[in-house]
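> Fold the following, please.
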Amino acid sequence: MAKKIRVGVVGTGMGRHHMEAFVKLEDVELRAVCDINVPEAKEFAEKFGAPYVFADYREMFSMPELDAVSIATPNCLHAPMTIDALRKGKHVLIEKPMALNAKQARAMVAEAKKAKKRLMVEQAMRFSRDVQLLRGCYDRGDFGDVYYARSTWIRRKGWPRLNFEPGGSMGRGEWFIRKAEAGFGALGDIGVHLLDLAWYLMGNPKPVSANGAMWNKVAAPILKRKKMPVEVDETTCGFIRLEGGRVIVVEICWDSHNAPVQEVRVYGDKGGCSAFPARIYRGEDILETVDVSTAYGGYPVTEAYAHFIDCIRDPKKKMIASGEEIVEVMRMLDGIGKSAETGREVRL
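Just a heads-up that it's a prediction; the model follows:
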């Protein structure tokens with residue numbers, strides 16, 4: 001058997017799911033856990049068999065024996081931690097969103113190229129079996145000319161910090177609602193998943209321009225009474241123009257007086273598809289609907305972590321969610337945000 005890839009994880013919030021996924025892989029050894037909450041870091045290190053615990057990520061990154069690190073921290077720390085890890089010779093898997101903005105994301109990619117290390121973004125939904133099947137249909141040309149996609153994720157009560165268990169993996173800390181630390185609200189938290197999926201299922205055409213609008217209407221008064229003023233978006237809609245006249249529309253909401261919805265729809269001139277559940281629509285005289293759902297089950301998507309490890313072992317392997325590719329997703333997020341601020345279309 002090939003030498004095991006030795007990994008360290010920073011962050012015990014979403015990071016616990018990273019640990020859970022890595023320990024399922026036979027060719028990986030979880031060696032270290034880092035969190036400023038040292039008792040919790042010790043708890044998860046013991047649970048998943050990691051021998052080393054750190055409070056300071058820089059000390060963990062300095063471990064010569066580590067091959068790679070997985071970073072699951074507040075968004076404002078993604079870029080500086082990634083760049084530090086790359087400079088210390090580690091491959092990096094970074095939680096979504098990749099960074100606070102596209103400028104930071106480009107700096108991360110530049111550092112990865114300089115260090116000759118792999119940089120992958122944990123866009124986990126790309127790795128569900130149904131999404132991979134649908135992407136395969138696109139690659140074969142089953143949908144023909146794909147011209148439009150629409151992504152919607154509406155939560156009824158889904159504010160981080162407000163509607164999730166305080167000690168759980170989601171919604172930990174007030175950084176989620178502060179712009180300097182989170183960058184975005186619902187758009188960067190859940191919107192980044194579905195915007196990315198729509199773009200991925202269209203074959204990743206180049207973004208050209210963005211329009212957007214953002215609101216904070218439902219939970220903001222409640223959070224204000226709890227002395228947690230909100231600086232990020234609760235509800236966002238975006239309109240992305242892509243090369244070739246293609247368009248993506250996104251509708252994202254943490255909290256609403258409406259029914260929950262999670263779906264992606266892709267339209268082509270020969271066929272189309274939807275995700276959650278995955279279905280293919282095609283036919284001319286006889287219309288055909290094919291249910292190809294394999295029940296995406298949420299975190300952890302072990303396939304994403306296995307792919308990251310495979311890409312470390314094979315430097316020439318095409319990475320499904322490379323940092324270089326996800327920079328384009330960050331450009332779209334930035335464009336929607338800037339358009340919402342200015343009330344104007346933004347060229348990308």
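> Which stretches in this protein count as helices?
Along the chain, counting by DSSP state H, helices occupy 15-22, 38-48, 57-61, 78-87, 102-115, 129-140, 179-182, 186, 192-201, 220-225, 302-313, 323-342.
> Which residue comes closest to residue 45 once chain neighbours are left out?
Distances taken as Cβ to Cβ, 6 or more residues apart in numbering place residue 33 nearest to residue 45, at 4.2 Å, with adjacent residues excluded. (Glycine included, C-beta is placed from N, CA and C.)
> can you pull the contacts of the one you found?
Residue 33 is in contact with 8-9, 12, 15, 19, 41-42, 44-45, 48, 50, 52-54, counting by Cβ atoms under 8 Å, 6 or more residues apart in numbering.
> Show me the beta-bridge partners of it.
Beta-bridge pairing for residue 33 (DSSP bridges): residue 9, residue 53.
> so how far is residue 221 from residue 95?
For residue 95, the distance to residue 221 equals 30 Å [Cβ to Cβ, to the nearest Å].
> Kindly report the same for residue 148.
36 Å.
> So which of these two has more stuff around it?
Between residue 148 and residue 221, residue 148 has the larger neighbour count (other Cβ atoms under 10 Å), namely 17 against 11.
> what's the nearest residue to that one once chain neighbours are set aside in contact with, if anything?
Leaving aside its sequence neighbours, residue 148 sits nearest to residue 267 (Cβ to Cβ, 6+ apart; 4.3 Å). Residues in contact with residue 267, defined by Cβ under 8 Å, 6+ apart, are 146-149.
> Go again with 10 Å.
143-150, 202, 246-247, 273-274, 281 (Cβ atoms under 10 Å, 6 or more residues apart in numbering).
> Just the buried ones from these?
Burial by neighbour count, 16 or more other Cβ atoms under 10 Å: within the contacts of residue 267 this picks out 143, 146-150, 202, 246-247, 273-274, 281.
> separation between residue 223 and residue 155?
15 Å.
> Sorry, slip of the keys, the one I care about is residue 200.
In terms of Cβ to Cβ, residue 200 sits 22 Å off from residue 155.
> higher neighbour count, the two?
Counted by other Cβ under 10 Å, residue 200 and residue 155 do not tie: residue 200 has more neighbours, with 24 against 20.
> I'd say that one and residue 131 touch.
Yes: in this structure, residue 200 is within contact of residue 131 by Cβ atoms under 10 Å, at 7.5 Å.
> Does residue 231 touch residue 178 like I think?
Yes: counting by Cβ under 10 Å, residue 231 touches residue 178, with 5.4 Å between them.
> the more surrounded of these two?
Comparing residue 231 with residue 178 by other Cβ under 10 Å, the one with more neighbours is residue 178, at 18 against 13.
> Contacts only, for that one.
74, 76, 185, 228-232.
> What's the local residue count around residue 226?
Using other Cβ under 10 Å, residue 226 is surrounded by 11 other residues.
> repeat for residue 266
The number of residues packed near residue 266 is 27, by other Cβ under 10 Å.
> how close does residue 140 get to residue 98?
Residue 140 sits at a distance of 29 Å from residue 98 (criterion: Cβ to Cβ).
> before we move on, back to that, now, which of the contacts of residue 33 sits nearest residue 252?
Of all those, residue 15 has the smallest distance to residue 252: 24.0 Å, by Cβ to Cβ.
> Check whether the closest one really touches residue 95, as I assumed.
Yes: at 8.0 Å, residue 15 counts as touching residue 95 under the criterion of Cβ under 10 Å.
> Now list whatever residues contact both of those two.
Common neighbours of residue 15 and residue 95 (Cβ under 10 Å, 6+ apart) are 70-73.
> and which of those residues is nearest to residue 324?
Taking Cβ to Cβ as the measure, residue 324 sits nearest to residue 71 out of the shared contacts of residue 15 and residue 95, at 17.4 Å.
> distance of the closest one from residue 57?
Counting by Cβ to Cβ, the gap from residue 71 to residue 57 is 8 Å.
> the more surrounded of the two?
It is residue 71, of residue 71 and residue 57, that has more neighbours when counted by other Cβ under 10 Å, with 26 against 23.
> List the contacts of the more buried one.
Applying Cβ under 10 Å, 6+ apart to residue 71 gives the contacts 8-11, 14-15, 18, 34, 57, 61, 77-78, 81-82, 84-85, 90, 92-95, 122.
> How much space separates it from residue 175?
From residue 71 over to residue 175 the distance is 15 Å, taken as Cβ to Cβ.
> Residue 140 and residue 98: which is more packed in?
Using other Cβ under 10 Å as the criterion, residue 140 and residue 98 rank with residue 98 on top: 32 against 8.
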